[in-house]
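Colleague: task: produce atomic coordinates for the following.
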Amino acid sequence: AAAAAANTAAAAGSTAAADVATVNGNVVDDQEITPVPRVPNVKRPTSAPARGSLEELESLLGRRERRRTSARVDADYNPDEEDDDEESDDSHEDDDESDDGEQDKKGGEDEDCMIVEPAAHEPAASDAADSERKRSKNGTKVALADRLKAFPHENFTIEASTLFCTICGTEVSNKRSTIKKHIITLKHVTGKKAFVRPRLTVVQAFNNAATASGRESILSAAHRQYRLFASAEWLRAGLPLAKIGVLERIRALGTAYSLTDNSNLAKDYIPLMQTAMMSKLKMELNRKELSVCFDGTGFFGEAFAIVIRFVDDAGSIQERLARLRLLDESMNAKAIAKCVHDAIQHLEINSPSVLFFNSDGVSSNKAANSHLEFFYEHSHHVICVSHTLNNAGKTHTLAAVKQFLALWTAIFKNSESARSTWQRTTKSGAQPTSSKTRWWSYFEQAEYVFRRWQHIMPFLLGDYGFTKEARQALVDFLHHGDNELRVRVQLAALVDVGTAIVKCTYFLEGSRPLAVVLSECVSLLAAHFRTMPYPELDTLCSGYPAITAAMKQEAIDALAPVVEYFRTRFEGDACQFAETLSLFEAAALARPGTFKLFYGDGSEARLLVIRRMVERFNCYRLSPGEVNALMREAAMYNHAAEDGVEGENMALMLDKLVLWWRERHSLSAWRKFAHRMFLMQPASASVERVFSVLNGVFGKQQSQAMADYVETTLMLKVNFPDTTSVHDLFSI
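Modeller: Predicted coordinates:
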């Protein structure tokens with residue numbers, strides 16, 4: 001193109017161009033011509049040079065050189081990694097200065113681009129900027145993450161591989177000189193003073209931190225989010241993180257991202273999960289009244305769990321695991337109280353919002369509650385009724401039954417052949433196993449063998465090649481004297497006494513609003529013990545004349561401690577749980593059918609009884625004004641109770657009760673009262689369920705798992721069931 005331009009110029013100026021033989025120092029027409037130096041950024045002359053003159057030739061050659069330079073720069077340009085050497089900076093600064101000069105000539109039309117001198121107390125450049133400038137002089141390419149470090153207080157972020165100013169809402173070049181000029185513009189300086197950093201989600205904050213630190217900076221935000229969600233789903237399934245490599249086979253089916261090893265996932269994402277779950281739990285518990293259940297177990301040395309129960313905005317009962325601590329040894333009362341108090345404070349819960357504490361009757365838990373009363377004076381400690389009933393069953397003195405069950409369990413303890421043979425010959429399901437922690441496990445065993453007694457002796461005398469010594473030991477015991485009849489008589493008496501109390505214990509283990517029916521359950525159980533029928537024992541004695549009256553009375557006397565234990569704790573005004581039972585009696589008013597019985601004809605005497613019952617909660621956040629509001633709505637409540645939820649099935653009735661109160665917005669005072677009663681659980685089964693999950697998920701292979709790993713897994717599995725999406729968890 002330059003040669004063609006030269007030929008054109010020569011043809012146009014025939015006389016002048018013909019005399020020109022050489023240029024740039026050569027002699028033309030016996031005269032030496034001084035060459036015109038070529039300046040890269042020189043402006044074009046205001047008047048065009050003479051056609052065919054030397055000036056026009058030099059202008060054409062200069063424009064050609066600039067086009068070649070521009071093409072070379074465009075070919076080497078990379079928005080993420082750009083050569084930022086000093087020569088390039090100087091040239092661009094010259095361009096910027098010329099542009100600024102032209103803008104000044106326009107009279108400062110854009111006020112936002114005015115340059116503001118930095119304040120005296122602000123350094124011109126940070127240490128990171130100095131080190132970055134040295135790398136620039138050496139020709140090292142500067143990453144976007146380094147720009148964030150060099151200008152940490154200017155609210156820059158990285159979006160789509162571009163430096164973005166959140167204050168001005170514009171993209172900024174990665175060049176240091178351009179950034180320095182941008183941060184001293186009037187728009188940036190004034191916007192920085194009024195800028196409020198937007199609230200980031202947990203994932204966005206993690207992405208910014210990972211990009212700024214350089215850790216996993218090569219991963220995209222979507223890739224990091226994929227790893228987070230995959231790890232959360234894996235832990236929620238109760239699977240060890242060390243086996244997450246199996247997802248690589250799933251990834252090969254179409255997922256675009258890969259996972260790292262389990263150590264990196266545990267280090268990077270478990271703390272993020274904990275932060276997200278705690279944030280969500282704080283949002284759920286904000287301005288909610290609640291109850292706190294706590295207990296410990298011997299699994300993993302010593303595990304201590306805290307579960308919070310509340311009613312959400314939709315009127316549904318929710319339970320959340322708030323803390324799971326793994327300890328080397330048991331805690332005393334002060335340590336338990338401190339752990340519970342710290343967990344409540346960590347969730348930013350106000351002390352008046354805690355209405356009830358729930359635990360078993362262990363002495364350390366009772367003493368811990370006395371310490372908690374100092375901080376939560378309006379709360380009430382509810383002793384677990386299920387634990388008390390289970391302890392009542394342990395007081396029997398049926399010696400023959402205890403010895404028989406010990407020998408019977410030894411046969412199946414370590415022999416799979418014995419277990420399979422028994423199931424095949426009896427055509428029955430697997431027999432219950434003995435457990436030191438599961439309530440009434442020995443009763444389940446006793447009832448199981450009592451119902452299948454006809455199969456026991458043929459099995460013990462069968463010609464099998466397993467556990468011969470254990471089977472023979474049990475045969476010898478039964479054939480000694482009248483032990484066989486004695487065992488059967490005691491088993492029958494145990495089934496008669498234990499059936500009612502075991503059913504009541506298991507019913508109170510649920511998460512339904514059991515406070516409204518506990519008083520009825522205790523009354524039915526007390527009536528059963530007063531009459532004390534023995535249908536199984538009477539049937540057995542009538543079929544075997546060899547069973548003497550003394551043998552029958554011996555079995556009844558051996559169960560007398562069970563009945564006495566129950567009566568000292570649940571019967572009479574002077575019983576151990578008299579105050580708690582009075583609260584549960586008043587809580588039954590949240591049940592429409594019970595309220596109608598107390599309301600009757602609506603006379604003043606009836607209303608006075610209802611007032612006295614609800615006033616039992618005066619010291620537990622029920623003010624006199626709220627009591628008056630309840631009495632004003634009593635007639636409306638009685639009318640609405642006509643379409644109550646009573647039925648023969650108590651469990652189904654409780655499920656309907658929650659839905660019934662959810663729709664009773666017109667009874668605002670009684671609706672609030674009912675929701676408070678839903679929090680007063682008569683059992684600490686919620687914590688026991690956490691321990692069951694802990695025992696099922698973490699076996700011997702994971703006995704050395706870290707505490708945060710165990711707690712995160714349990715919180716994901718208990719607080720967020722399979723119906724909940726992890727996207728909902730991390731979108732806060």
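
Colleague: for residue 551, what are its contacts?
Modeller: Counting by C-beta atoms under 8 Å, 6 or more residues apart in numbering, residue 551 touches 482, 485-486, 489. All C-beta spots, glycine's among them, are computed from the backbone N, C-alpha and C.

Colleague: name the nearest residue to the residue nearest in space to the middle of the chain, sequence neighbours excluded.
Modeller: Residue closest to the average C-alpha location in the chain (C-alpha atoms, centre = their mean): residue 277, at 3.4 Å. Using C-beta to C-beta, 6 or more residues apart in numbering and skipping the chain neighbours, the partner closest in space to residue 277 is residue 715 (5.3 Å).

Colleague: distance of the one you found from residue 312?
Modeller: The gap separating residue 715 from residue 312 is 18 Å, by C-beta to C-beta, to the nearest Å.

Colleague: looking at those two, which one has more neighbours?
Modeller: Higher neighbour count among residue 715 and residue 312: residue 715, with 23 against 12, using other C-beta atoms under 10 Å.

Colleague: so the residue nearest to the centre of the chain makes contact with residue 719?
Modeller: Yes - between residue 277 and residue 719 there is a contact under C-beta atoms under 8 Å: 6.7 Å.

Colleague: returning to what we had before: which residues touch the residue nearest to the centre of the chain?
Modeller: For residue 277, the contact set (C-beta under 8 Å, 6+ apart) comprises 712, 715-716, 719-720, 729.

Colleague: assign it to helix, strand or coil.
Modeller: helix (DSSP: H, G, I helix; E, B strand; the rest coil).

Colleague: do you know how far it is from residue 474?
Modeller: Going from residue 277 to residue 474 by C-beta to C-beta gives 51 Å.

Colleague: residue 497 too?
Modeller: Residue 497 sits 25 Å away from residue 474, going by C-beta to C-beta.

Colleague: look at the two and report which has more neighbours.
Modeller: residue 497 (27 against 21).

Colleague: and the more buried one, backbone torsions?
Modeller: Backbone geometry at residue 497, expressed as degrees, to the nearest 10, gives phi -80, psi -40.

Colleague: state the distance from residue 514 to residue 380.
Modeller: Using C-beta to C-beta, residue 514 is found at 16 Å from residue 380.

Colleague: higher neighbour count, these two?
Modeller: Neighbour totals were compared for residue 514 and residue 380, and residue 514 leads with 26 against 21 (other C-beta under 10 Å).

Colleague: coming back round to it: for residue 334, state which of the contacts of residue 277 is nearest.
Modeller: Using C-beta to C-beta, residue 715 comes nearest to residue 334 of the contacts of residue 277, at 25.8 Å.

Colleague: name the element the closest one belongs to?
Modeller: helix 707-719 (DSSP states H and E).

Colleague: check which helices and strands that helix sits against.
Modeller: Secondary-structure packing of helix 707-719 (3 or more C-beta pairs under 8 Å, 6 or more residues apart in numbering; DSSP states H and E): helix 221-236, helix 262-285, strand 317-327, helix 685-697.

Colleague: pull out the buried residues from that helix.
Modeller: Across helix 707-719, burial judged by 16 or more other C-beta atoms under 10 Å covers 709-719.

Colleague: same thing with stretch 579-588?
Modeller: 580-581, 583-588.

Colleague: what's the end-to-end length of stretch 346-361?
Modeller: Stretch 346-361 has an end-to-end distance of 26 Å (criterion: C-alpha to C-alpha, to the nearest Å).

Colleague: how distant is it from the center of its chain?
Modeller: Centroid displacement of stretch 346-361 relative to its chain, using C-alpha atoms, centre = their mean, to the nearest Å, is 19 Å.

Colleague: now swap in stretch 380-390 and tell me
Modeller: A distance of 28 Å separates the centroid of the chain from that of stretch 380-390, by C-alpha atoms, centre = their mean.

Colleague: ditto for stretch 492-501
Modeller: 42 Å.

Colleague: go on, stretch 533-540?
Modeller: 51 Å.

Colleague: return the alpha-carbon coordinates of that stretch using CSV.
Modeller: Only the C-alpha atoms of stretch 533-540 are listed here, as CSV (Å, rounded to 0.1, in the frame of the first residue of the first chain):
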residue,chain,number,x,y,z
PRO,A,533,-56.4,-56.4,85.3
TYR,A,534,-54.2,-59.5,84.5
PRO,A,535,-55.9,-61.1,81.4
GLU,A,536,-52.8,-62.9,80.2
LEU,A,537,-51.9,-64.2,83.6
ASP,A,538,-55.4,-65.4,84.4
THR,A,539,-55.6,-67.2,81.0
LEU,A,540,-52.3,-68.9,81.6
